[in-house]
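Q: Coordinates only, no sequence provided:
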C-alpha cells in the first residue's frame, strides 16, 4: 500500500497573520494556558469559539443540470478550518506496514505488520466491492465533485454499472491518464455516475459501516479495529476526541487532505469510523496535484477571512502550511494528540 497510494489557485497573501506561521507541537499531556500562549499559539490571537452544533461546509456544485445533492456552500459564520492529514496523524497505518511504529514504541514487529496488511486488504476490498475502485483507480480525482459537471442527473436506481461498457472503454482507449481525464461525453457521464454513486454510498453508510459490510465482515472489521487500537495504545481514539470537539462547533469545520487516492481514502475514512467528522465534500486527495495545490483549493472554497490550522506529521503538509502562512500543529506522538485535545477542550485553539 505504501507504494500504491493507499498509505484551482487562490490568494495566499491575505491571512492577516502577523508573523510566519509557527509550528505547534504538543509538549505534554498536561497543558497550562500560559505555556500554550507563549509556545504553541499561532501569531494571530484565536477567538473564543462557541460550542454549538457543527454545520459542515461544502463546495458549490459545478453540475450542469445536476439534481443529486450538490455540495452545500460554506457557512457564513465559519471562523476556523482545521486541515488534517490522515496517515500517521489521525490513524496509524503506513508505519504498521513498514514496522517503524513497532520499532519506535517497542511493539512486536511481525504482529504490527500483519495488522497493517489485514487492514490494507480490508481497505482495498471495500474500495473494489463498494466504491468502484476497479473502474476508478486510473481515473482518480482530487474531490468527489470534480466531474459532477458531466452528470446529467439521471436516476441511477435501475442503472447497470456492470454492463454500461465504462471499464472496457477506459482500458482500450487509455482515457484515464495522469495528465487528466477526458473522454467522450457519454464516457464522462458514466464516470460522473460512478462518483455520484460513491458519494451516495459514503453519505448513506458513513455512520453505519457495519451495515455496508454485512454481519460476517462486520465482526472481522470490529475485531481488527480493536487489535490495531490495542497495539497503537488508542491512537485513533485520542485523535477522534479532537475531531469531535471541532465537529461540535458551528463555526469550525474539519477538512481532510491526504496523499492517498480518493477512493481508497474514502474507504479508510469509513473503516476507521471517521465519516461523522469528515463529510465527503471535505475530503481531498493530493495524489495528483500535491498538498499545496489542495490547500489553494480549500482557501478558494472557504475564503481568506478565516483562520486555518493544519494538523499533520509530514513535511508535505508542513511546507504547504508554511507557503500559505497557516499555523501547523505537528503530530509525532501520543502526547501531541493529547495536547491538541486539551488545547481544544479548554478553547485555547
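A: Yep, that arrived. Remember, it's a predicted structure, so these values are computed and weren't measured experimentally. Numbering: from 1, shown residues only.

Q: For burial, what's the neighbour tally of the closest residue to residue 93 other than its chain neighbours?
A: For residue 93, ignoring the flanking residues on the chain, the nearest one in space by Cβ to Cβ, 6 or more residues apart in numbering is residue 87 at 5.0 Å. Glycine gets a C-beta too; all of them are placed from N, C-alpha and C. Applying the criterion other Cβ atoms under 10 Å, we find 24 residues in the vicinity of residue 87.

Q: Tell me the buried residues in stretch 134-152?
A: 135-137, 139-148, 150-151 (16 or more other Cβ atoms under 10 Å).

Q: dump the residue contacts of residue 265.
A: Each residue near residue 265 by Cβ atoms under 8 Å, 6 or more residues apart in numbering is listed here: 86, 256, 258, 283, 285.

Q: Which residue is the nearest non-sequential neighbour of the first one?
A: Taking Cβ to Cβ, 6+ apart as the measure, residue 86 lies nearest to residue 258, with 4.0 Å between them; neighbours along the chain are not counted.

Q: Please tell me how far that neighbour sits from residue 157.
A: Applying Cβ to Cβ, to the nearest Å, one obtains 32 Å for the distance of residue 258 from residue 157.

Q: So for those two, which sits in the more crowded spot?
A: residue 258 (29 against 5).

Q: Surely the more buried one is in contact with residue 294?
A: No - applying Cβ atoms under 8 Å, one finds residue 258 not in contact with residue 294, separated by 9.1 Å.

Q: Between the two, which contacts overlap?
A: For the pair residue 258 and residue 294, residues contacting each of them under the criterion Cβ under 8 Å, 6+ apart are 284-286.

Q: Most neighbours of all these, which one?
A: Neighbour counts for these were taken using other Cβ under 10 Å; the highest belongs to residue 284, with 27 neighbours.

Q: remind me which residues of the stretch 151-300 of the chain are low pLDDT?
A: In the predicted model, the stretch 151-300 of the chain carries pLDDT under 70 at residues 168-183.

Q: any chance you could map the helices in it?
A: With DSSP state H, counting those that start in this stretch as the definition, the stretch 151-300 of the chain shows helices at residue ranges 166-173, 185-205, 209-213, 215-231, 235-247, 262-271, 290-302.

Q: And the contacts of the third one?
A: It stands for helix 209-213. Here helix 209-213 has contacts from 126, 130, 201, 205, 218, 221-222, 270-271, 273, 275, using Cβ under 8 Å, 6+ apart.

Q: do the same with the longest one
A: With Cβ under 8 Å, 6+ apart as the contact definition, helix 185-205 has outside contacts at 68-69, 130-132, 135-136, 139, 141, 144-152, 154, 156, 159, 161, 164-166, 169-170, 175, 181-183, 211-212, 263, 266, 269-270, 275, 279-280.

Q: buried residues in it?
A: Neighbour-count burial for helix 185-205, with 16+ other Cβ under 10 Å as criterion, is recorded at 187-199, 201-202, 205.

Q: so which of these comes closest to residue 337?
A: Proximity of the buried residues of helix 185-205 to residue 337 was ranked by Cβ to Cβ; the top entry is residue 202 with 25.3 Å.

Q: quick one: that closest one from residue 282, how far?
A: 11 Å.

Q: so who does the residue nearest to residue 86 touch?
A: By Cβ under 8 Å, 6+ apart, the contact set of residue 258 is 85-87, 265, 268, 283-286.

Q: Kindly report the same for residue 141.
A: Residues in contact with residue 141 (Cβ under 8 Å, 6+ apart) are 147, 181, 195, 262, 285, 288.

Q: Tell me the one among those nearest to residue 341.
A: Within these, the smallest distance to residue 341 is 26.6 Å, found for residue 285 (Cβ to Cβ).

Q: quick one, what contacts the residue positioned nearest the centre of the chain?
A: Averaging the C-alpha coordinates of the chain gives a centre point, and the residue nearest to it by Cα atoms, centre = their mean is residue 256 (3.0 Å). With contacts taken as Cβ under 8 Å, 6+ apart, residue 256 has the following neighbours: 83-86, 265, 269, 274, 278, 282-284.

Q: distance of the residue nearest to residue 86 from residue 151?
A: In this view, residue 258 and residue 151 are 24 Å apart by Cβ to Cβ.
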